[in-house]
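Peer 1: Need coordinates for the below:
(one chain, ligands or ions: 2)
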Amino acid sequence: MSTTEIIQTAGRKHRLDRILDRVEASLEDDLVPVEIFNDPEVFRAEVDRIFTNTWVFVAHETEIPKAGDFVQRRVGLDPVIVTRDGEGGINVLSNYCRHRGTQVCQTDQGNSRFFKCPYHGWTYSSTGDLIGTPHLVDAYGEKLDPKEWGLKRAPRVASRQGFIFASLSEDVPELDEFLGGGGWMLDLVVGLHPKGMRVAGPPDRYKVKADWKTAAENFSGDVYHLDSLHWSTEEIHVSQGLQASCEIGRAYEMPEGHNFVGHAWTKAIHPGYVLWGYPPEVTQHFDLSGLDEAQLHVVNHEPPTVGTIFPNLSFIRFNTPAVPGGPFSVVTSFRQWQPIGPGEIELWSWQFVWDFQTEEEVLEHYTTGQFVFGSAGIFEQDDTVAWEGIPRAAASPWMRKEGMAFSFQQGNNSEVDQSPDPTWTGPGIRRNTGYGEHNQLAFYRKWLKEMRKGAPARTVDPASTHDCEGH
Ligand code: FES
Ligand SMILES: [Fe+2]
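Peer 2: Ligands and ions are numbered 1, 2, ... in the order given. Predicted structure coming up:
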């Protein structure tokens, strides 16, 4: 290759950089290009640049209350074991044996003082230390230093309201700083009682041919779909007030990239419909003394119904009956959109309940939660069918040829006031409408920022000029 060719190559951009450039330009017009929703190169960059470089939720502390408890989870594509050790500490360990890489833990959850790799028997403690090596002396003599061969540990682990987050990178801010306004919002969702909430059981897990960003973005602010996609639920009296959902919507956008939507149910349903419509037998247990003035206003009048903590943890809380026409109960589901491939996720869904609830109440909440947002839940089925259309559009040769970009322009010409509420005293921005797609755009801007930030330094390799070819 001549010098001129090398210089020309250096001036050309890698394909991924060009895609990110198009995302950046499109976002200026409130558009999102189709090619980021089902592309192997974009997907690989997401797991390398986002999921290995930021805080990711891995488990709730109530899933591993006792010494020896563990659950197997994921950080992006990597399986991790989250353990409670004998000292009460929480450890997030790589589930790859240091000997040859076999998964040392082959089950989803349990209680054990150690993990024995099934291949050659190397054995690790619940803190990840190598504590057993078969035939140590004959196999290794004095040469194997067990201190050097423990399971890899996530360098950063921290909790908020019992939600355990891990970072595979040392170089991240403190968890509370990363959460920012998202932590403030999490506090008012689950911190209404000194003991917070607990899981009602292990998560449902099922595959959906949808992109993780679609689900995360939907839960960060898509109010618009409620009275179309989920309208059948109102027809069978499982929902109420859906037609007013945009009108009474409140969009909370946090500067750290976490976004929420609330609803002024007191306006659409009943003036006494405060605190998500929890009945007095539940609210009598709440202790709201730790909430600040803005939090108190929100929980009483405009509580968050859905939200997303970037990148892939979302929640939904709403009041619904377990059977059409039956008594209502308030469901709280946390869900994680696990990326498993381009345009494909494993959807993990936990039901959460209050610690003070009776077994009967827990059962009722769990049953109701599964009815609406379990793997066969009536809302879940609506959402996932719609979301699965998007990677198909993204894989379409025709749509790529057309340079298709999705519209997030709602609100640009709306007569409904889209401006930030000047009276808002909480963190971030609140808009007093569910119209507009500001939260979703904020999600994609955060995505782009993290994709750029995590980019490796480029060196020009003349042998890899094929990397620069257009598609
Ligand atoms: S791969 Fe685990 S002991 Fe060999
Ligand atoms: Fe939905």
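Peer 1: check contacts around the residue nearest to Lys152 when sequence neighbours are not counted.
Peer 2: Leaving aside its sequence neighbours, Lys152 sits nearest to Ser94 (Cβ to Cβ, 6 or more residues apart in numbering; 3.9 Å). No exception for glycine: its C-beta is placed from N, CA and C like everyone else's. Residues near Ser94 by Cβ atoms under 8 Å, 6 or more residues apart in numbering: 78-81, 151-154.
Peer 1: Bridged to Ser94, which residues?
Peer 2: Residues in a beta bridge with Ser94, per DSSP bridges, are Val80.
Peer 1: quick one: it and Asp48, what's the gap?
Peer 2: Between Ser94 and Asp48 the distance is 16 Å, computed by Cβ to Cβ, to the nearest Å.
Peer 1: and what of Glu360?
Peer 2: Distance of Glu360 to Asp48, given as Cβ to Cβ: 47 Å.
Peer 1: So for these two, which residue has more residues nearby?
Peer 2: Higher neighbour count among Glu360 and Asp48: Asp48, with 16 against 8, using other Cβ atoms under 10 Å.
Peer 1: follow-up on the earlier one: quick one: the residue nearest to Lys152 from ligand 1, how far?
Peer 2: For Ser94, the distance to ligand 1 (Cβ to the nearest ligand atom, to the nearest Å) stands at 12 Å.
Peer 1: pLDDT score for that residue?
Peer 2: pLDDT, Ser94: 98.
Peer 1: next one: Cys468
Peer 2: On the pLDDT scale, Cys468 gets 38.
Peer 1: Pro271 now?
Peer 2: The model reports Pro271 with a pLDDT of 82.
Peer 1: cool, the one 3 residues further on as well?
Peer 2: What the model reports for Val274 is a pLDDT of 88.
Peer 1: Assess the claim that it and Val298 are in contact.
Peer 2: No. Checked against Cβ atoms under 8 Å, the pair Val274 and Val298 is beyond contact range at 10.9 Å.
Peer 1: In terms of packing, which of the two has more residues around it?
Peer 2: Per other Cβ under 10 Å, whichever of Val274 and Val298 has more neighbours is Val298, with 24 against 15.
Peer 1: just how off-centre is the strand or helix carrying that one within its chain?
Peer 2: Per DSSP states H and E: Val298 is located in helix 293-301. Distance, stretch centre to chain centre, for helix 293-301: 24 Å (Cα atoms, centre = their mean, to the nearest Å).
Peer 1: Please identify the next secondary structure element, helix or strand, after it.
Peer 2: Using DSSP H and E, the helix or strand that follows helix 293-301 in sequence is strand 304-309.
Peer 1: strands paired with the following helix or strand past that next one, and their directions?
Peer 2: Remark: after strand 304-309, the chain's next helix or strand is strand 313-321, criterion DSSP H and E. Neighbouring strands of strand 313-321 in its sheet, by DSSP bridges, are strand 304-309 (antiparallel), strand 328-341 (antiparallel).
Peer 1: Out of those strands, which is closest to ligand 1?
Peer 2: Among the strands paired with strand 313-321, strand 328-341 comes nearest to ligand 1, with 23.4 Å by Cβ to the nearest ligand atom.
Peer 1: If you average the pLDDT over that closest one, what comes out?
Peer 2: Mean pLDDT, strand 328-341: 95.
Peer 1: tell me the contacts of the residue of the stretch 151-300 of the chain found nearest ligand 1?
Peer 2: Nearest to ligand 1 in the stretch 151-300 of the chain, going by Cβ to the nearest ligand atom, is Leu151, at a distance of 10.4 Å. Applying Cβ under 8 Å, 6+ apart to Leu151 gives the contacts 81, 93-98, 104, 115, 124, 128, 130.
Peer 1: and the residues you listed as JSON lines, adding distance to Ala405?
Peer 2: Shown next, in JSON lines, are these (distance: Cβ to Cβ, whole Å):
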{"residue": "Ile81", "distance to Ala405": "41"}
{"residue": "Leu93", "distance to Ala405": "41"}
{"residue": "Ser94", "distance to Ala405": "38"}
{"residue": "Asn95", "distance to Ala405": "39"}
{"residue": "Tyr96", "distance to Ala405": "39"}
{"residue": "Cys97", "distance to Ala405": "45"}
{"residue": "Arg98", "distance to Ala405": "45"}
{"residue": "Val104", "distance to Ala405": "45"}
{"residue": "Phe115", "distance to Ala405": "47"}
{"residue": "Tyr124", "distance to Ala405": "48"}
{"residue": "Gly128", "distance to Ala405": "45"}
{"residue": "Leu130", "distance to Ala405": "51"}
